[in-house]
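In: The following comprises the amino acid sequence and a computationally predicted model.
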Amino acid sequence: MQNENNVSRRSFIKTSTAVAAATTFTAKSYARVLGANDRIRIGFIGAGGMANSHMNKIVAMQEKQNLETIAVADCWETRAKKGAEKTGAEFAFTDYRKVLDIKDIDYVTIATPEHQHCKMTLDALDHGKAIYCEKPMTHNIEEAQAVMKKQKETGLPLQVGVQAMSDDSYMAAAKAIEEGELGQVVQAQIEYVRRYNSQGPFRKPGITPKYDNKPEDLNWNDWLGDTPKREWDPHHYFEWRNYSQYSGGICTDLFIHRITRIMAACNLLYPRRVVGMGGIWQWPDGRDLPDNFEMICEYPRGMTVYVLGTMSNRVGIDHLIRGYRATLYFNRQGWVIKDKDGKVLREHKKSGAEDNGLHHINLQNNLRNGEALNCPVRLGMAGVVAVNMANESWRSGRMMAWDKENEKMVSADTLNLSHNPEKS
């Protein structure tokens, strides 16, 4: 019998069961399959704007990283074919499931509107694929729970596309905090601010007027997925981040990048209470998500996290974590810790960066040698919970809370919540 360490990637795939849910894959087993220097084969699901950013990175690194793109899928055939041409892929599909049917593909990159993330991720896991899924991991909390459950069952690697986690500043900050450099941590603040033009956030006035009529080779019903059926609308297709059927807007598209950093640095999971505030204050143009927004999360360890998100003014605030003994300030070089008098106690010069290419390499290293993922499903789930609670608070006008026993968000006034820190 062949030694399992010598089983080739191809022979392993050919003898694997058709449905990966019946098999538990680990990083070590993937490393045995691929071999340290074996080629990694990739499929793309989605070939729009964000997907092209991923394709550009993969093309640039394919020789050094020994990569090959096999297939590209998009519900708009023109995009699928252009993606295949860019990457050198053999196949271009309009049905993403055909990508998953190709046994030779080792991982898929899912870069589609967030309302499609859950189904595509679950299908990919069922087909035995490792995954790079753009942020947020899913559109809502229930979907995130389903993905986390399936990923645990299969053991397949799932990298969530919060690429800032490939900057080591946040893990280094976690180590400094654990070592007591800040004393008791009580508060963190961070922002995502922009100043949009007269059309407002996420609008594309240079594109939508060109598509009053749906392109003939675009499958609109497939794009809509499980959302309510509607006639072709270029605003919904190109500007989907403005509509709650497909997106959580500022919170899920932008804040997820910021709050995930703080969660990693402060070892946070689910918030105890969350408030979301803002409104459609400047661009009442048919959008149903706020154009200016902010959120405050209270965590059981005894700290709050504030996230500012104006889309009307780009003047930001310091990204920092406050402790009783000192304050940690994030900067372009990494971070610095200062005491109450401004004396520098410790500095960190970062390695890595907020870069989706490095995020892909981290996943590739995981497949080859078991390197820990920088943004695994647990962190992806925690981010989805926080931003969905903030959006629900904004929609409902209530403070939301996390019901730990039933693992769901509820109105905060329905729980008897402690005002004291919980012991870790």
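Out: Yep, it's here.
In: Can you give me the neighbour number for the closest residue to residue 167 other than its chain neighbours?
Out: Sequence neighbours aside, residue 352 is the residue nearest to residue 167 in space, at 4.7 Å (criterion: C-beta to C-beta, 6 or more residues apart in numbering). Just so you know, the C-beta spots here come from the backbone N, C-alpha and C atoms, and that holds for glycine as well. Residue 352 has 18 neighbours, counted by other C-beta atoms under 10 Å.
In: What separation is there between residue 352 and residue 163?
Out: Distance, residue 352 to residue 163, using C-beta to C-beta, to the nearest Å: 10 Å.
In: Quickly list what's touching both of these two.
Out: Listed contacts common to residue 352 and residue 163 are residue 358; contacts here mean C-beta atoms under 8 Å, 6 or more residues apart in numbering.
In: Grab the CA positions of stretch 226-244 and hand them over as PDB.
Out: Extracted C-alpha coordinates of stretch 226-244, given in PDB (Å, rounded to 0.1, in the frame of the first residue of the first chain):
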ATOM      1  CA  ASP A 226     -32.900  34.000  -3.000                       C
ATOM      2  CA  THR A 227     -33.800  37.700  -2.800                       C
ATOM      3  CA  PRO A 228     -37.200  38.900  -3.900                       C
ATOM      4  CA  LYS A 229     -37.600  38.800  -7.700                       C
ATOM      5  CA  ARG A 230     -37.700  42.100  -9.500                       C
ATOM      6  CA  GLU A 231     -37.400  43.500 -13.000                       C
ATOM      7  CA  TRP A 232     -33.900  44.400 -14.200                       C
ATOM      8  CA  ASP A 233     -32.500  47.400 -12.400                       C
ATOM      9  CA  PRO A 234     -29.000  48.600 -13.100                       C
ATOM     10  CA  HIS A 235     -28.900  50.500  -9.800                       C
ATOM     11  CA  HIS A 236     -29.500  47.300  -7.900                       C
ATOM     12  CA  TYR A 237     -26.900  45.300 -10.000                       C
ATOM     13  CA  PHE A 238     -24.100  47.900 -10.000                       C
ATOM     14  CA  GLU A 239     -24.900  49.700  -6.800                       C
ATOM     15  CA  TRP A 240     -26.000  46.800  -4.600                       C
ATOM     16  CA  ARG A 241     -24.300  48.100  -1.500                       C
ATOM     17  CA  ASN A 242     -27.100  50.600  -1.100                       C
ATOM     18  CA  TYR A 243     -29.800  48.000  -0.700                       C
ATOM     19  CA  SER A 244     -30.400  45.800   2.300                       C
END
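In: Enumerate every residue touching residue 267.
Out: 174, 177, 178, 301, 424.
In: So for the nearest residue to residue 291 once chain neighbours are set aside, what's the pLDDT?
Out: Counting by C-beta to C-beta, 6+ apart, residue 291 lies nearest to residue 283, which is 4.8 Å off, once chain neighbours are set aside. pLDDT recorded at residue 283 is 97.
In: Mind listing what's buried along the helix or strand hosting residue 392?
Out: Assigned by DSSP states H and E, residue 392 falls within helix 377-396. Neighbour counts using 16 or more other C-beta atoms under 10 Å place 377, 379-394 of helix 377-396 among the buried residues.
In: Tell me the first helix or strand C-terminal of it.
Out: strand 400-403.
In: Report the mean confidence score over the helix or strand following that following strand.
Out: Next along the chain after strand 400-403, taking DSSP H and E as the criterion, comes strand 408-411. If you average the pLDDT over strand 408-411, you get 98.
In: who are the neighbours of strand 408-411, in terms of helices and strands?
Out: The contact analysis (3 or more C-beta pairs under 8 Å, 6 or more residues apart in numbering; DSSP states H and E) places strand 408-411 against helix 377-396, strand 400-403.
In: Can I get these in TSV including distance to residue 93 and mean pLDDT?
Out: Shown next, in TSV, are these (distance: least, C-beta to C-beta, whole Å; pLDDT from 0 to 100):
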stretch	distance to residue 93	mean pLDDT
helix 377-396	26	98
strand 400-403	40	98
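In: distance of the residue nearest to residue 167 from residue 132?
Out: Look at residue 352 and residue 132: by C-beta to C-beta, they are 16 Å apart.
In: Residue 151 now?
Out: From residue 151 to residue 132 the distance is 13 Å (C-beta to C-beta).
In: the more surrounded of those two?
Out: residue 132 (27 against 22).
In: Only alpha carbons, please: show stretch 354-368 as PDB.
Out: Extracted in PDB, the C-alpha atoms of stretch 354-368 (Å, rounded to 0.1, in the frame of the first residue of the first chain):
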ATOM      1  CA  GLU A 354      -3.500  45.100   4.300                       C
ATOM      2  CA  ASP A 355      -3.200  43.300   1.000                       C
ATOM      3  CA  ASN A 356      -5.400  40.600  -0.500                       C
ATOM      4  CA  GLY A 357      -2.300  39.100  -2.300                       C
ATOM      5  CA  LEU A 358      -0.700  38.400   1.100                       C
ATOM      6  CA  HIS A 359      -4.000  37.100   2.300                       C
ATOM      7  CA  HIS A 360      -4.100  34.600  -0.600                       C
ATOM      8  CA  ILE A 361      -0.500  33.600   0.200                       C
ATOM      9  CA  ASN A 362      -1.500  32.900   3.800                       C
ATOM     10  CA  LEU A 363      -4.300  30.600   2.500                       C
ATOM     11  CA  GLN A 364      -1.800  28.900   0.100                       C
ATOM     12  CA  ASN A 365       0.600  28.400   2.900                       C
ATOM     13  CA  ASN A 366      -2.200  26.900   5.000                       C
ATOM     14  CA  LEU A 367      -2.900  24.400   2.200                       C
ATOM     15  CA  ARG A 368       0.800  23.500   1.800                       C
END
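In: Pull out the buried positions in that stretch.
Out: Within stretch 354-368, the residues scored as buried using 16+ other C-beta under 10 Å are 354, 356-368.
In: Let me know the closest of those residues to residue 189.
Out: Of all these, residue 354 has the smallest distance to residue 189: 18.4 Å, by C-beta to C-beta.
In: and the residue nearest to the closest one when sequence neighbours are not counted, how many neighbours?
Out: Nearest non-adjacent residue to residue 354, counting by C-beta to C-beta, 6+ apart: residue 164, 4.2 Å away. Residues lying near residue 164 (other C-beta under 10 Å) number 20.
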